[in-house]
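1. Requesting a structural model of the entry that follows:
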Amino acid sequence: MARRRSAGCLALVIFFLVGGILGGVGYFAILRPEWEVDRTFVEGRCEILSKRLVEEEKRTRSSRKSGSSRKRTHYRPEFHIRYEVGGKTLEAHTWRIVRSSSTSESSQQKVLDRFEVGKTYPCWYDPADPSRVVLEKGISVGAVVLVALGSLFMLIGGIGIVLTPLRAARNLVR
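-> Below you'll find the predicted structure:
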């Protein structure tokens, strides 16, 4: 019985830690930079000079037991833009603040198709460092899901960690 209880407690601790890692990565790597863009970046106008779909080969593990891996192609849109800040003309290769990619070529191509080369669109730059510029801003669904999932894991693990000793103490009293 004690062995089963300690295994359950270990599982709850692992659940809590995994939730902390998921939530922390989601917040610090994705959500926080996206919030920074929404709160502090200044709107400007930028001209699309060129656009392309960047392909990156990434290795993914296919099996823990075999340790084998395989290559998968990931795609992300990239725009070469020209914009002006304080009378100074700048250029950058950008899209969003977080350089994420996807294995879905068609979904990333749809992003490229929304913009035409030679046309001018709103863009947002960091007034403290105008070289930080984005063509699109906003909070991504993926970031919210990652933080929410991590928080849920932490909540379930935390409640379990707190209740396990209370339940054990109650059983001793009986």
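
2. Spell out which residues make up each domain of the chain.
-> 19-40+137-167, 42-136 (automatic domain parsing).

3. Take these and write them to CSV, including mean neighbour count.
-> Every C-beta, even on glycine, is put in place using the N, C-alpha and C of the backbone. Output for the domains of the chain, formatted as CSV (neighbours: other C-beta atoms under 10 Å):
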stretch, mean neighbour count
domain 19-40+137-167, 15
domain 42-136, 14
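
4. List the contacts of stretch 22-34.
-> Under the contact criterion C-beta atoms under 8 Å, 6 or more residues apart in numbering, stretch 22-34 has outside partners 96-98, 100, 137-140, 142-147, 149-151, 153-154.

5. One more pass at 7 Å, please.
-> 97-98, 138-140, 142-143, 146-147, 149-151, 153-154 (C-beta atoms under 7 Å, 6 or more residues apart in numbering).

6. For that stretch, measure first residue to last.
-> Stretch 22-34 has an end-to-end distance of 17 Å (C-alpha to C-alpha, to the nearest Å).

7. Show me how far that stretch is from its chain's centre.
-> Counting by C-alpha atoms, centre = their mean, to the nearest Å, stretch 22-34 is centred 6 Å from the centre of its parent chain.
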